[in-house]
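[1] take a look and give me a structure for this.
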Amino acid sequence: MEDNVLASLVIVAVLAVIVPVAMALLGYLLGPRRPSEVKYSVYECGIEPVVDAKRRFSVKFYQVAVLFVVFDVEVAFLFPWAISFRESAGFAMFGEMLAFLAILAVGLYYVIKRGALEWE
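    Sure thing, here's the model as predicted:
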């Protein structure tokens, strides 16, 4: 039974690699090649572009995105903890989660003190 499951997983993994690679290769080999200036121009709602599409973004956007991901992962850790805490009701688990949240609160305090969330 276990060998059958392992063989199935190997087959699925191999197919998950082969099928997309084969489709991309077939599209590259069989697709038409008609380059033109219009195809490589920027399209903006059917009108001529007003500004250059390749302008620089402020680092603040990336900083906020990284902070969002960090605190979003924290929430992903809180959900399983809440389920297991409800079933076991152990106060050791409660203390561990409070320590985890305290570390994150210190990190948030540091971010706020550095001014990472302020827009100038």
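[2] pLDDT-wise, which helix or strand of this protein ranks last?
    Every helix and strand of the chain was ranked by mean pLDDT, DSSP states H and E. The lowest is helix 59-88, at a mean of 84.
[3] can you name the next helix or strand after that one?
    Stepping forward along the backbone from helix 59-88, the first helix or strand reached (DSSP states H and E) is helix 91-114.
[4] residue closest to the middle of the protein?
    Of all residues in the chain, the one closest to the mean position by CA atoms, centre = their mean is residue 69, 7.8 Å from it.
[5] which residues of the chain score low on pLDDT?
    The model of the chain has pLDDT under 70 over residues 1, 43-44, 46, 48-53, 89.
[6] okay, now the closest residue to residue 70 other than its chain neighbours: neighbour count?
    With CB to CB, 6 or more residues apart in numbering as the measure, residue 107 is the residue that lies nearest to residue 70, at 7.7 Å, once sequence neighbours are left out. Every residue, glycine included, has its C-beta placed from N, CA and C. Burial measure for residue 107: 14 neighbouring residues, criterion other CB atoms under 10 Å.
[7] then residue 63?
    14.
[8] can you tell me how far the nearest residue to it once chain neighbours are set aside is from residue 75?
    With CB to CB, 6+ apart as the criterion, residue 63 has its nearest non-adjacent residue at 5.6 Å, and that residue is residue 116. Relative to residue 75, residue 116 is positioned 19 Å away (criterion: CB to CB, to the nearest Å).
[9] same question, residue 119
    If you measure residue 119 against residue 75 using CB to CB, the figure is 24 Å.
[10] circling back to that earlier point, and the residue nearest to residue 63, helix, strand or coil?
    Applying DSSP: H, G, I helix; E, B strand; the rest coil to residue 116 yields a three-state assignment of coil.
[11] tally of neighbours for it?
    The tally of other residues near residue 116 (other CB under 10 Å) stands at 14.
[12] repeat that for residue 111.
    For residue 111, the neighbour count with other CB under 10 Å is 15.
[13] is it correct that it is in contact with residue 67?
    Yes: taking CB atoms under 8 Å as the contact criterion, residue 111 and residue 67 are neighbours in contact, 6.3 Å apart.
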